[in-house]
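Asks: Fold the following for me, if possible:
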Amino acid sequence: MIETIEGQLKDAMKARDAVRVAVLRLTLASLRSAEKELQRPLKSDEVLQVLQRERKRRAEAVKAFEDAGRDEQAAGERAELEVLEELLPAPLSENEVERIVDDAIAETGATSLRDLGRVMADVMPQIAGRADGSVVSQLVREKLA
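Replies: Predicted coordinates:
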């Protein structure tokens, strides 16, 4: 994944796409920082976590700038957010998430809310980076209630 981002960075530099270059450089810096911290190359799920963290930062910045009435800065952050979302895997549809949750409930034999943890432990690795965990948790709660 890091090699892919480096290749995209080179292409963005050739195209003189300043926003894309800035986002890709920051993303690579975050990934390399995480590698230094762990003192080993990142696994694919760890790369996804770093990308999700960067996406979350941009989303929060967009909201903060919009709340403060700073539309120009919000637009800049929104452009950066779009570049990050291109790097992340395609999100799952509601039907796909529901199917994964139903399969996990059937596999674990869950029957009540007490089994929420076991179901979530089975579901989260399957949806990593492709669906919001809080939405999935709410869906599991509804199905177990």
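Asks: Only the C-alpha atoms, please, for stretch 123-132, written as CSV.
Replies: The C-alpha trace of stretch 123-132 is given here as CSV (Å, rounded to 0.1, in the frame of the first residue of the first chain):
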residue,chain,number,x,y,z
VAL,A,123,-17.9,-8.8,12.4
MET,A,124,-15.3,-6.1,12.8
PRO,A,125,-12.4,-7.9,11.1
GLN,A,126,-14.6,-8.5,8.1
ILE,A,127,-15.7,-4.9,7.7
ALA,A,128,-12.4,-3.2,8.7
GLY,A,129,-12.2,0.2,7.0
ARG,A,130,-15.3,-0.3,4.9
ALA,A,131,-18.1,0.6,7.4
ASP,A,132,-18.6,2.7,10.4
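Asks: neighbouring contacts of that stretch?
Replies: Contacts of stretch 123-132 from elsewhere in the structure, counted by Cβ atoms under 8 Å, 6 or more residues apart in numbering, are 45, 48-49, 51-52, 88-92, 97, 100-101, 104, 133, 136, 140. To be clear about C-beta, it is placed using only N, CA and C from the backbone, and glycine gets the same treatment.
Asks: Stretch 15-28 too?
Replies: For stretch 15-28, the external contacting residues (Cβ under 8 Å, 6+ apart) are 2, 5-6, 8-9, 12-13, 50-51, 54, 76, 79-80, 83-84, 87.
Asks: which residues of the chain fall in strands?
Replies: In order along the chain, the chain carries no strands (DSSP state E).
Asks: mind giving me the domain split of it?
Replies: Dividing the chain into domains by automatic domain parsing, as the record does, gives the ranges 2-87, 94-144.
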